[in-house]
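Novice: here you go, sequence then predicted model.
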Amino acid sequence: IPSSVLLGQSLPKGWERVQVRSLVGQITSRVKADPDHEYKMAGVKWYGEGVFHRETVRGDAMSAAYVTPLVVGALIYNRLFAWKASFAVVTPEFADCYVSNEFPQFIPDLSRILPEYLYLFCTRAATIRAVNAASTGSAAVSRNRFKEEEFLNFEISLPPLAEQEAIVARWRKAQ
């Protein structure tokens, strides 16, 4: 959330306000699509509903020359539909899937932030409003991209890990 929105708000004891960039590392590894190999391609559902297997496609049938393997535990989002809360944490069942460059992934620093806590931050209504304001493109619905640099510049109110664990546990129980 941009600093201007957070001004005047005090944080509970032990919490800190930090940029997302100080908590994650972007995954940049990708592989050249082999024309003879089949790739299980994944996507990210809207409204924080998770990762899904979209289709299996041969490398010679793809328009992309490179694909990125999913990394378990990474936060992933759909650049085109981040404004629809298209954020997720990659779960083990998708370890053999790939995504295009429209799905950036970020590995959280587990000594500072839980992936699920980051996910909850990303899917908050206030965060989605900020995502919408930060997205750019030629068409508001179909080509409005939320770029990685904007995501990394967001500020998050970060509680201690024990409190993050409690927040995530309460969220899971409510699910």
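Specialist: Great, that's in hand.

Novice: what residue lies at the spatial centre of this structure?
Specialist: In the chain, the residue lying closest to the centroid (Cα atoms, centre = their mean) is I76, at 3.2 Å.

Novice: longest helix anywhere in the chain?
Specialist: For the chain, the longest helix by residue count, based on DSSP state H, is helix 161-174.

Novice: ok, back up a step: and the host helix or strand of the residue nearest to the centre of the chain, what other elements does it pack with?
Specialist: Here I76, judged by DSSP states H and E, is contained in strand 75-77. In terms of contacts (3 or more Cβ pairs under 8 Å, 6 or more residues apart in numbering; DSSP states H and E), strand 75-77 is packed against strand 87-89, strand 105-108, helix 115-122. Just so you know, the C-beta spots here come from the backbone N, C-alpha and C atoms, and that holds for glycine as well.

Novice: so which residues of this structure form helices?
Specialist: Using DSSP H, helices in the chain cover 3-6, 115-122, 125-134, 148-153, 161-174.

Novice: circling back: which one of the helices and strands packed on strand 75-77 lies nearest to L158?
Specialist: Among these, the nearest to L158 by Cβ to Cβ is helix 115-122 (8.3 Å).

Novice: chain center to that closest one: distance?
Specialist: For helix 115-122, the separation from the chain centroid amounts to 8 Å (computed by Cα atoms, centre = their mean, to the nearest Å).

Novice: that'll do, ta.
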